[in-house]
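> Here you go, sequence then predicted model.
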Amino acid sequence: MQYHAFIIKYAEIGVKGKNRYIFEDALVKQIERVLKGCDGTFEISKVAGRIYIEADGFDFNETVDHLKTVFGITGICPAVTIKRDGNNQLPDIDGMAKAVIDFIDGVYPDKNKTFKVKVRRVDKSYPMDSMELGAELGSRILGAFSQMKVDVHNPEILLNVEVREKLNIFSEIIPGPGGMPIGTAGKAMLLLSGGIDSPVAGYMVAKRGVEIEAVYFNAPPYTSEKAKQKVVDLAGVIAKFTGKVKLHVINFTDIQMYIYEKCPHDELTIIMRRYMMKIADIIAGKSGCMGLITGESIGQVASQTMQSLMCTGEVVTDMPVYRPLIAFDKQDIVDISLKIDAYETSILPYEDCCTIFVAKHPVTKPRLDIIKKHEENLFEKIDELMETALETDEIIEITK
Ligand code: ATP
Ligand code: MG
């Protein structure tokens, strides 16, 4: 293995002025977290707006796969880095040329390639400037490998040589997920069902640095243990990116049955959703969350028309409801679901608490005043049922 280091690139968090260190520290913490799950020893350092990972005894693919789950990283550059010697000197031009030639030899078994050397000289005390270094290293490479050719416009290999606190050599930039490191925003409560949409919604908000707590409403015995396990697994998909997800499992059966008994069936879904939102709102408030997240998207189903969204959103009084998929087409959502490896789990055919009681012809244009009127039928017992549901909240801590 040629590489023994990774240089981590991050974009957005580089521009946060005085708060920059908060973001960098959060990023380092997240990198440390994912590397704990990898074979090998890793030394992470933060030098002058750069994050370096020196790696030993590691598995390349495993390490890269883990780093790809760290929000805030825009690029992962497998690198060779050369430290300064005892006199604080970087290698001279001969040493540098040798390192560069060794790098190409190790990384590219097929030398029949075009290349360009791109030098960045941050350490201005180095005796040659970047133009001179680029030209000299280019000619040394041509001397070493006769099959290689220079192409300054569209090279197959763009060899980056950085003269900084260390000498860095890299040619590949593996894309990271982007976003902001977890721990730089607050926490939000995701309404997580077993479907395709809500895990994607949770992923998207988490990508902005937000910690995720989740709530799932299940309806045993109408929904099975397998349906619950599916939601636990989907929470695990999100935890892969965030480190942990605290999942609240709320037994919704009695509430659902009561609504079924007392309210018009074509309004069931809307009224059930309103009670889910109410309960989520209460749990979120108690857990210090600053918002609710749902997987809703305008017009996707009857319960997601603009009128329905108005009715379901209306019950949340204390915090914003984030709907990151609101303007997404289903295919765009599926694409993200596939990318984050949630899809295979999401499409498992286990019953959902909402599908069991769903009406043949649900209202598509519910009117809030009418819904509220019908909810009056619930007044006798609903508070008590909600209290019981909250008291029996089962908490599952999912860590990755
Ligand atoms: P999903 O694919 O996320 O299940 P969906 O297309 O099936 O969404 P709905 O069933 O209308 O849409 O649900 C809308 C949103 O309500 C979901 O994205 C989710 O945030 C929330 N939700 C629905 N059912 C549940 C549930 N059983 N537990 C927790 N949240 C739920
Ligand atoms: Mg659903």
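Everything's here; your move. Ligands and ions are numbered 1, 2, ... in the order given.
> going forward, measure contacts and count neighbours with C-alpha atoms only.
Will do.
> and the end-to-end length of stretch 282-299?
27 Å (Cα to Cα, to the nearest Å).
> just how off-centre is it within its chain?
18 Å (Cα atoms, centre = their mean, to the nearest Å).
> contact partners of it?
Around stretch 282-299, the neighbours that count as contacts under Cα atoms under 8 Å, 6 or more residues apart in numbering are 186-192, 197-202, 205, 280-281, 304-306, 318-329, 390.
> Stretch 72-82 too?
Applying Cα under 8 Å, 6+ apart, the external contacts of stretch 72-82 come out as 2-13, 27, 64, 67, 90, 103, 166-181.
> Run through the residues that contact E172.
Taking Cα under 8 Å, 6+ apart as the contact definition, E172 lies against 77-78, 158.
> For the buried ones among those residues, write the corresponding ChimeraX selection.
Restricted to buried positions by 16 or more other Cα atoms under 10 Å, the ChimeraX selection for those reads:
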select :77,78,158
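> Return the subset of the contacts of E172 lying in strands.
Per DSSP state E, strands hold the following members of the contacts of E172: 77-78, 158.
> What sits closest to G138 if chain neighbours are left out?
V117 (6.2 Å; Cα to Cα, 6 or more residues apart in numbering).
> ok, that neighbour - how many residues close by?
Each residue near V117 was counted by other Cα atoms under 10 Å, and the total is 25.
> what's across from it in the sheet?
Judged by DSSP bridges, the bridge partners of V117 are L159.
> For S303, see how far away the spatially closest residue to R323 that is not a sequence neighbour is.
Excluding the flanking residues, the one nearest R323 by Cα to Cα, 6+ apart is T294, at 5.3 Å. According to Cα to Cα, T294 and S303 sit 12 Å apart.
> Beyond the lowest-mean-pLDDT helix or strand in the chain, next helix or strand please.
Least confident element among the helices and strands of the chain, by mean pLDDT, DSSP states H and E: helix 353-356 (a mean of 67). Past helix 353-356, further along toward the C-terminus, the next helix or strand under DSSP states H and E is helix 368-375.
> pLDDT on that following helix, on average?
Mean pLDDT, helix 368-375: 97.
> what sits up against whichever helix or strand comes after it?
Using DSSP H and E, the next helix or strand after helix 368-375 towards the C-terminus is helix 382-391. Applying Cα under 8 Å, 6+ apart, the external contacts of helix 382-391 come out as 250-252, 254-255, 258, 279, 283.
> ok, is helix 382-391 in contact with ligand 1 or not?
No - under the criterion of Cα under 6 Å from any ligand atom, helix 382-391 makes no contact with ligand 1; the nearest approach is 13.2 Å.
> can you check stretch 357-373 too?
No - counting by Cα under 6 Å from any ligand atom, ligand 1 has no neighbours in stretch 357-373; the shortest distance is 10.1 Å.
> Please state the offset of stretch 374-385 from the chain centre?
The answer for stretch 374-385 is 39 Å, by Cα atoms, centre = their mean.
> Flag the shaky bits of this structure, pLDDT-wise.
Along the chain, segments meeting pLDDT under 70 span 1, 12-16, 353-356.
> Around ligand 1, which positions in it sit nearby?
The chain comes close to ligand 1 at residues 191-198, 215-218, 294-296, 303, 353, as judged by Cα under 6 Å from any ligand atom.
> all strands of the stretch 251-400 of the chain, in order?
Remark: strands assigned in the stretch 251-400 of the chain by DSSP state E, counting those that start in this stretch are 292-293, 321-322, 394-399.
> what's the answer for the stretch 101-250 of the chain, then?
Using DSSP E, counting those that start in this stretch, strands in the stretch 101-250 of the chain cover 114-121, 149-150, 157-163, 167-170, 174-175, 187-191, 211-218, 244-251.
> who's in contact with the second one?
Strand 149-150 is contacted from outside by 112-116, 138, 142, using Cα under 8 Å, 6+ apart.
> Identify the farthest-apart pair in the residues you listed.
N112 and G138 (15.2 Å; Cα to Cα).
> higher neighbour count, those two?
Between N112 and G138, counted using other Cα under 10 Å, the more crowded position is G138 (22 against 13).
> Show the contacting residues for that one.
So G138 contacts 116-117, 150 (Cα under 8 Å, 6+ apart).
> Let's have these in CSV, adding distance to S337.
Output for these, formatted as CSV (distance: Cα to Cα, whole Å):
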residue, distance to S337
K116, 38
V117, 38
V150, 41
